[in-house]
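# sequence first, predicted model second:
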Amino acid sequence: MRKLLFGRPMLVLAALCAAVTLAPAHAGPPPATQAEVVSARVVQVDAGRGIVTLRHERIKSIDMGAMTMPFTVKDPAMLKPLKAGDKVRFSVELQDDEPVITRIRATR
């Protein structure tokens, strides 16, 4: 009887030690992923309101199909070099459930 009582706590202690040993060594945030870059064509630019209308391809990162739509940009200064008809590459993220362009540049 004494062996049975002594054996059980040792088994629990051994299981706890194994769980701690097998736990992940890092407790920080997961590594940052690179933002998706999407191709599009500029339809309209409203730099004063910080909005650009794009005809874009599918955006996998936010589960959006290809379409033409207006986007708000994080920094309206990004729109200064753009004009209707330009081909662009851009990155977008959801902010308060709305897509916001965080980077955009014209391509050749």
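Right, received. Where do you want to start? Quantities reported herein were computed from a predicted structural model and do not represent experimental measurements.
# CA only for contacts and neighbour counts going forward, please
Will do.
# residue 108 contacts residue 41, correct?
No - using CA atoms under 8 Å as the test, residue 108 is too far from residue 41 to be in contact (11.4 Å).
# shared neighbours, the two?
residue 87 (CA atoms under 8 Å, 6 or more residues apart in numbering).
# the more surrounded of the two?
A side-by-side neighbour count of residue 108 and residue 41, using other CA atoms under 10 Å, places residue 41 first with 20 against 5.
# need the contact list for the residue lying closest to that one once chain neighbours are set aside.
Distance criterion CA to CA, 6 or more residues apart in numbering; nearest residue to residue 41, sequence neighbours excluded, is residue 87 at 4.5 Å. Residues in contact with residue 87 (CA under 8 Å, 6+ apart) are 39-42, 106-108.
# what of residue 56?
When contacts are taken as CA under 8 Å, 6+ apart, residue 56 is in contact with 38-41, 66-68.
# let's see if you can find the most crowded of those residues.
Neighbour counts for those peak at residue 40, which has 24 neighbours (criterion: other CA under 10 Å).
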